[in-house]
Structures are given as C-alpha cells and as structure tokens.
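what's the 3D shape of this:
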Amino acid sequence: MATYAYCRVSTERQADEGESLGTQQRTVEGYALMQGMQIDQMFVERGVSGSKPLVERAEGAKLLAILKPGDTIITPKLDRMFRSATDALNVCDRLKNDGIALHMIDLGGDVTSNGISKLVFTILSAVAEAERDRIRERIRDVKADQKTRNRYLGGTVPFGWTLDEEGELMINESQQAAIARMVALRQAGQSLRAIANTLKAEGVNVSHAGVKKIVEAEMARTDEEAA
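Modelled structure (predicted):
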C-alpha cells in the first residue's frame, strides 16, 4: 500500500506566488504526519487549469495509472484536484470501487469512505462547476458587449474594417466599397472566381473563397437588418 500526494497550480506564476506549491506540499505533509502516513511520491502539476479532467493532465494521468487497491491519495483542497462535478464524482467512484482512499484536507479527510465528507464533496463539486459556468457566462457577456461596440475580439481583422489605436473596429471605406462591388457582381450572376479576378484587376487581392465568405456574411447581415 502506498500513499501519494497531489498538488496543482493553474499558472506558472502561482507556482512561486499566491497559493504556492510549497504551501500545498507543506499542508499535505503535515496532514500525513498527523495521520501516521508516509508520502511515497508527490505529484506536482504546474500551470494546468483545473477545468482539465484529471486523467488528461500530465501528473494526474501518471497518478491514476500507478494506483493499486489499498493505496491512498492526499490533496490539500477540492479545487486543486477537480473543478468539474462530473470529473470529480467519476474519479471518486472509481477510486472507491478500487479500494483507494482519497483524502481531501479541506473536506476533513477521506471522501471515499466518510459519508458526511462524501456529501460535502458532492455539493462542493457541483458548486465549483456552477461557478465555472458563471465565469463562462460572464466571458460571453463581455464578448457580446465588445461585439456590440465593434470592439476587436482578437484573430484576423474582418475584411472591410481596420483597428484604431484603442483596439476598436473602424470602417475601412475602400474595402467596404469592394464588399458592395462583390455583392453586386454576385447578384448579377458572376461566379466567385470571376468576381475574384475582377477585384484583383481593380487592386483588391482576394481569393474566390474569400469572396464567398465575404458575400455570404454581407448578405446575411443585410437580411438580418431587413427582418
């Protein structure tokens, strides 16, 4: 029977600051000492988000691969090991079925055997996932607000626009004129390649695939505004 410890920080900076790995390791070592356990190996996950399933993390996968019945895992906090309720409960059930104890210090001990700890573990896992969903919603709201204000969200600047010094999208008059020309030529029955060739002859370097994307987006926008 072996005893393993698992610690994690989500960014490289946290490895040296904030909720440091050193703090987590000392917490785990102190707990093990009080429980009369000796840690055989410490798995340290650096710069890995808690949203990533345990089995998909480098150290997490190694830990899961070497576990045997009768082994024990110690981790300082629930959110060091899990952020997803589904991942947490799946792993917990697997460990319990395999006869492996999982001690979460912030939950008071072994969550695979103690009924109260398991209840708290289940609740907190769901809360952690709910918080993550709220974060996603806030990000979506910010992006929606930025889009409404023509704020650049990263990636390739769309044809017909340019960026000002503050990172906001500004109309590119010459490219907007080219868009109108593409739409007019398409509505007149010209092929995408023919339109691309015409635009290139006029000094606008765009592929037929680019023409297709631009025309479809512009016509969809026009239809939406007319609805």
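
hmm, what's the outermost residue in the protein?
Note on the chain: the largest C-alpha distance from the chain mean falls to residue 188, namely 45.1 Å (CA atoms, centre = their mean).

domain parsing for this protein?
3-136, 161-226 (automatic domain parsing).

deepest of those, which one?
Among these, domain 3-136 has the highest mean neighbour count (mean count of other CB atoms under 10 Å), at a mean of 17. For every residue, glycine as well, the C-beta is placed using N, CA and C.

distance from the chain centre to that domain, please.
How far domain 3-136 lies from its chain's middle: 19 Å, per CA atoms, centre = their mean, to the nearest Å.

what about that domain, average pLDDT?
The average of the pLDDT scores along domain 3-136 is 85.

find the nearest non-adjacent residue to residue 51, please.
Once flanking residues are discounted, residue 51 sits nearest to residue 83: 5.0 Å by CB to CB, 6 or more residues apart in numbering.

can you give me the helices for the chain?
12-16, 21-34, 58-66, 78-81, 85-97, 115-148, 173-187, 192-201, 208-226 (DSSP state H).

any idea how far the residue nearest to the spatial centre of the chain lies from residue 136?
For the chain, the residue nearest the mean C-alpha position is residue 51 (6.4 Å; CA atoms, centre = their mean). Using CB to CB, to the nearest Å, one obtains 10 Å as the distance from residue 51 to residue 136.

CA atoms only for stretch 29-39, dumped as PDB, please.
What follows is stretch 29-39, C-alpha atoms only, in PDB (Å, rounded to 0.1, in the frame of the first residue of the first chain):
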ATOM      1  CA  GLU A  29       3.000  16.600   4.600                       C
ATOM      2  CA  GLY A  30       1.600  18.000   7.900                       C
ATOM      3  CA  TYR A  31      -1.700  16.100   7.400                       C
ATOM      4  CA  ALA A  32       0.100  12.900   6.500                       C
ATOM      5  CA  LEU A  33       2.300  13.200   9.700                       C
ATOM      6  CA  MET A  34      -0.800  13.600  11.900                       C
ATOM      7  CA  GLN A  35      -2.500  10.600  10.200                       C
ATOM      8  CA  GLY A  36       0.600   8.400  10.700                       C
ATOM      9  CA  MET A  37       1.200   8.200   7.000                       C
ATOM     10  CA  GLN A  38       4.400   8.500   4.900                       C
ATOM     11  CA  ILE A  39       4.100  10.000   1.500                       C
END
